[in-house]
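Asker: A predicted structure for the sequence below; I have some questions about it.
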Amino acid sequence: MRSITASDAKNKIGRLLDMAQAEPVRIQKNGRDVAVIISPEDYKRLPEGARKVNPAVEVLHMKSLTQWVKVYEALAE
């Protein structure tokens, strides 16, 4: 599994997505793992239970969307 820093992942999102098509990519921040990006094919191979999102994560995601909606919309343009 390859690794990339969070800063590089942010600045080189296209490269990160290409890398994830070949193998899972570990994203690190301050030397610790914070995420793993996988291809849709790898995701589909995960057991059903592993694909469910923790309800607490869903709540945090909605709060983030509410707080940062204008930033997300600006970035999407």
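Answerer: Yep, that arrived.
Asker: Tell me the buried residues in stretch 64-77?
Answerer: By 16 or more other Cβ atoms under 10 Å, stretch 64-77 has no buried positions at all. (Each C-beta comes from the backbone N, C-alpha and C, glycine too.)
Asker: average pLDDT across that stretch?
Answerer: Mean pLDDT, computed over stretch 64-77, is 84.
Asker: Ok, stretch 22-29 next?
Answerer: Stretch 22-29 comes out with an average pLDDT of 96.
Asker: May I have that stretch exported as CSV, CA atoms only?
Answerer: Listed next in CSV are the C-alpha coordinates belonging to stretch 22-29 (Å, rounded to 0.1, in the frame of the first residue of the first chain):
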residue,chain,number,x,y,z
ALA,A,22,-4.1,0.6,-8.8
GLU,A,23,-4.0,-0.1,-5.1
PRO,A,24,-5.3,1.4,-1.8
VAL,A,25,-3.6,4.6,-0.8
ARG,A,26,-2.9,5.5,2.8
ILE,A,27,-3.2,9.2,3.7
GLN,A,28,-1.1,10.4,6.5
LYS,A,29,-1.2,13.6,8.6
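Asker: so how far is it from its chain's centroid?
Answerer: Here stretch 22-29 is found 9 Å from its chain centre; the criterion is Cα atoms, centre = their mean, to the nearest Å.
Asker: which residues touch that stretch?
Answerer: 1-6, 9, 16, 19, 33-38, 42 (Cβ atoms under 8 Å, 6 or more residues apart in numbering).
Asker: next one: phi and psi at the spatially closest residue to Ile38 that is not a sequence neighbour?
Answerer: With sequence-adjacent residues excluded and distances taken as Cβ to Cβ, 6 or more residues apart in numbering, Ile38 is closest to Pro24, at 4.7 Å. Dihedral angles of Pro24 (phi, psi; degrees, to the nearest 10) stand at phi -60, psi 150.
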